[in-house]
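Enquirer: quick one: sequence plus predicted model below, questions after.
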Amino acid sequence: MYKTGFAAFQKSVFDFCKTNTNETVGILAKGLSDSGFDTSALQRESWESQINQLKEAFNATVEFNSNFARASVILEFTIPVLRKRIDTVILFDDKIIVIEYKGGSTTSGQTALSQAQDYALDLLDFHEPSKDRKVFPIALGEFDLATQQKNFNSKFVVRPNQLPSLLNELISLPVEKDKIDPNEWVCGRYFPVPSVIEAATTAFNDHSVSEIAMSRADPDSLERSKKVLLSAVTYAQSTNSKVLCVLTGVPGAGKTLAGLNAVSSILSELSLEKEQAAYLSGNNPLVNVLRDALYRNFKQNNRTITRSRLNVLIQEMHRFVADNFITSAPPATKMIVFDEAQRAWSKEKNQKKFNRDLSEPEMVFQIMNRHTDWAVIVALVGGGQEIHSGEAGLEEWGEAIVNNPNWEVWASKPSLEGGPAVANTRLFSSTSSPKNKIKALDDLHLNVSIRSIDAEDSAAWVNAVLGGNTNQAADIAKRHLPIYLCRDVETMRGWLLQHQQGTRRTGILASSGAERLRALGIETPTFTFIQGISYVNWFLEPAGDVRSSNQLEVALSEFEVQGLELDYVGLIWGGDFLFKNDKPVIRKFRNNSWQTFDNQSSDEKTQRQIIEAINRYRVLLTRYRKAMVICVPHGSYTDLTRIPEEFDATFEFLKSCGAQTIENSLPTLI
């Protein structure tokens, strides 16, 4: 499955300049009205102004360089599914020029350039014929350039009379690749990979997540998993059955997207009214960020949704369990999707916290069993994501299902057989003997990571690194790995600032156990410190807002970013997880020194803390979508808690695993 773009108007520059402006406006209006876009009188007036100014600029450019007459000009190129429209695209030899036009002078040049950069980056990342090309974003309008802010490259923010000179400069650049065929470019395949936030807003705006979550290796995997979940609900309804679905996937494979898609699709396609569906997560930051992102998106698109409605659609799992367990009535929801289900609380944690002698999965089954007819639980399960003590894991769900033989089980094969995707755990232990009806389904497993735009193997690389498998990691890195290294925090910040283009989001992460980052001017992202930070604003506010992640002032930890992601990540490596002789050295800071855990210890508490430390870094290392730079500090000879040789060894280990130094990192857009 793939989508292609749509060009409302496409001609050579020569023919464009010869075509009557009213005729061009009519072509645009006809093409876009058929696609449901705005073709009002105000829009036509804007087109007329834009076309006349482009004609004048293009004619002047041809006087500089007659070859420009053969360039292709494309007006109102519609990016599929996301329904973005690029005002003007110019194709010349191997170059792509994206122009965002703003009539009048109310819009700032910086805002317009950011929009043009967004379009250019979408083409570079997701449009097959634009891959690895030179793409130049330009903001064109009657901007007051004298008052422009100085913190961006104003060369690409131009008034109409300045456009010919810039175009001539760009088309005069050397030809480095094959020339672009305009017809093939317009019809080129488009493979957008959404962030969780983009997927949520798309799903609840009546679009299928599967349309934009294109896994390169298996483009229909999310669609197939959705159909299985829909069929489970239909089956449960028609037979008055209760069904547990276990969907698994590697980190970044789209489990959250699948869950959001299922909730949205079930509400719309199956027309559930009183019988509601809800998405639940034990990750409170994820819940709050998704709720706020959806609310903002609905408001921006002039659609109405209340905060209380969102609180029903997306719920905090522990709150759902606590609120519903104390009543005897069945919950309003007949179908729940529990994200990161392996993180549900164990019996021991429930006993300690609430004096309840049963696990959270068992509580969920007791709550949903109150429905006298049908109910469906969808458990989304990933491996190696347990970062809190007391998180039960996959087997706790197996024990709960054994105690509830009235439930049928539709499960992925990895959840039944084990494997790396579920951290070598399985639903049923060797001692449990379920009497439930069990169906193993291939389509309930997502085996390709789609989080990282350019690297499908990032999760495998992280697993090899955390296991100390240098050769394996290095082999994976040879297939292209956008992970880079540096030794200085300011160098890392500079790299992130360099990649803050369009609406691409950057941010700094650090382990909650990296206690001695304070010496670098980075406060450890502990719960006490985070109480003063709004992680909703951190994830959603744009660059320029001091609360935004793009400000690069506040580092979040694995607790706040699990389930979410950034386009470009700066990870500051801490002293809680080092490497010596290619072996992990895991430590915890106590009082004034580090305590090192014995990897060979048989003590259950020690082993649990080691696993939690490994999972901390697994979460942190898999948060990037485009690229990541890891800053391994130098340490200090005057501070025994930051011994330089320990950090040097860690830096060399990561380098031997295939991470390149920052000098070899991705180039900026322009």
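Expert: Structure's in. What do you need? Numbers count the residues shown, from 1 in each chain.
Enquirer: for the chain, what helix or strand is lowest in average pLDDT?
Expert: Ranked by mean pLDDT, DSSP states H and E, the helix or strand of the chain with the weakest confidence is helix 209-212, at a mean of 44.
Enquirer: list the helices and strands the next helix or strand after that helix packs on?
Expert: Where DSSP states H and E defines the elements, the next helix or strand beyond helix 209-212 is helix 221-239. In this structure, helix 221-239 packs against helix 209-212, strand 242-249, helix 255-269, strand 375-381, strand 445-446, with contacts taken as 3 or more C-beta pairs under 8 Å, 6 or more residues apart in numbering; DSSP states H and E. All C-beta spots, glycine's among them, are computed from the backbone N, C-alpha and C.
Enquirer: got any ranges where the stretch 151-300 of the chain has weak pLDDT?
Expert: For the stretch 151-300 of the chain, the stretches with pLDDT under 70 are 151-153, 192, 194, 199, 202-220, 251-253, 268-275.
Enquirer: show me the chain divided up by domain.
Expert: Domain assignment for the chain by automatic domain parsing gives 3-190, 196-446, 458-664.
Enquirer: could the helices and strands packed on helix 221-239 go into CSV alongside mean neighbour count and distance to Ile614?
Expert: Shown next, in CSV, are the helices and strands packed on helix 221-239 (neighbours: other C-beta atoms under 10 Å; distance: least, C-beta to C-beta, whole Å):
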stretch, mean neighbour count, distance to Ile614
helix 209-212, 24, 30
strand 242-249, 27, 19
helix 255-269, 24, 20
strand 375-381, 28, 18
strand 445-446, 26, 22
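Enquirer: pipe the ones you listed into CSV and attach distance to Met368 per row.
Expert: Output for these, formatted as CSV (distance: least, C-beta to C-beta, whole Å):
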stretch, distance to Met368
helix 209-212, 25
strand 242-249, 7
helix 255-269, 15
strand 375-381, 4
strand 445-446, 24
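Enquirer: nearest to Arg608, of these?
Expert: Of all the helices and strands packed on helix 221-239, strand 375-381 sits nearest to Arg608, with 19.1 Å by C-beta to C-beta.
Enquirer: contacting residues for the closest residue to Phe58 other than its chain neighbours?
Expert: Among residues not flanking Phe58 along the chain, Val13 sits closest, at 5.2 Å (C-beta to C-beta, 6 or more residues apart in numbering). By C-beta atoms under 8 Å, 6 or more residues apart in numbering, the contact set of Val13 is Phe58, Thr61, Val62, Phe68, Ala69, Arg70, Ala71, Ser72, Val73, Ile90.
Enquirer: can I get the buried part of the residues you listed as one ChimeraX selection?
Expert: Remark: buried members of those, expressed as a ChimeraX selection using 16 or more other C-beta atoms under 10 Å:
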select :58,61,62,68,69,71,72,73,90
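Enquirer: now, which of the contacts of Val13 lie within strands?
Expert: Ser72, Val73, Ile90 (DSSP state E).
Enquirer: gap between the closest residue to the second one other than its chain neighbours and Glu399?
Expert: Sequence neighbours aside, Phe16 is the residue nearest to Val73 in space, at 4.7 Å (criterion: C-beta to C-beta, 6+ apart). If you measure Phe16 against Glu399 using C-beta to C-beta, to the nearest Å, the figure is 69 Å.
Enquirer: look at these two and report which has more neighbours.
Expert: Phe16 (22 against 19; other C-beta atoms under 10 Å).
Enquirer: hang on, the more buried one packs against Ala57?
Expert: No: the criterion here is C-beta atoms under 8 Å, and Phe16 misses it with Ala57 at 11.4 Å.
Enquirer: so who does the residue most central in space within the chain touch?
Expert: Centroid-nearest residue in the chain: Ser195, 2.9 Å away (criterion: C-alpha atoms, centre = their mean). Neighbouring residues of Ser195 by C-beta under 8 Å, 6+ apart: Glu565, Asp567, Arg625.
Enquirer: highest neighbour count among the residues you listed?
Expert: Arg625 (26 neighbours).
Enquirer: nearest residue to that one in space, please, no chain neighbours.
Expert: Asp567 (4.9 Å).
Enquirer: how about the one you found, secondary structure?
Expert: Three-state assignment for Asp567 (DSSP: H, G, I helix; E, B strand; the rest coil): strand.
Enquirer: ok, now which ones touch it?
Expert: So Asp567 contacts Ser195, His499, Arg504, Arg505, Thr506, Tyr624, Arg625, Lys626 (C-beta under 8 Å, 6+ apart).
Enquirer: among these, which pair sits farthest apart?
Expert: Ser195 and His499 (15.4 Å).
Enquirer: tell me how far Ala277 lies from Ala236.
Expert: Counting by C-beta to C-beta - Ala277 and Ala236 are separated by 12 Å.
Enquirer: how about Glu223?
Expert: Glu223 is 21 Å from Ala236, by C-beta to C-beta.
Enquirer: what residues are up against Lys55?
Expert: Contacts of Lys55 by C-beta under 8 Å, 6+ apart are Phe16, Cys17, Thr21.
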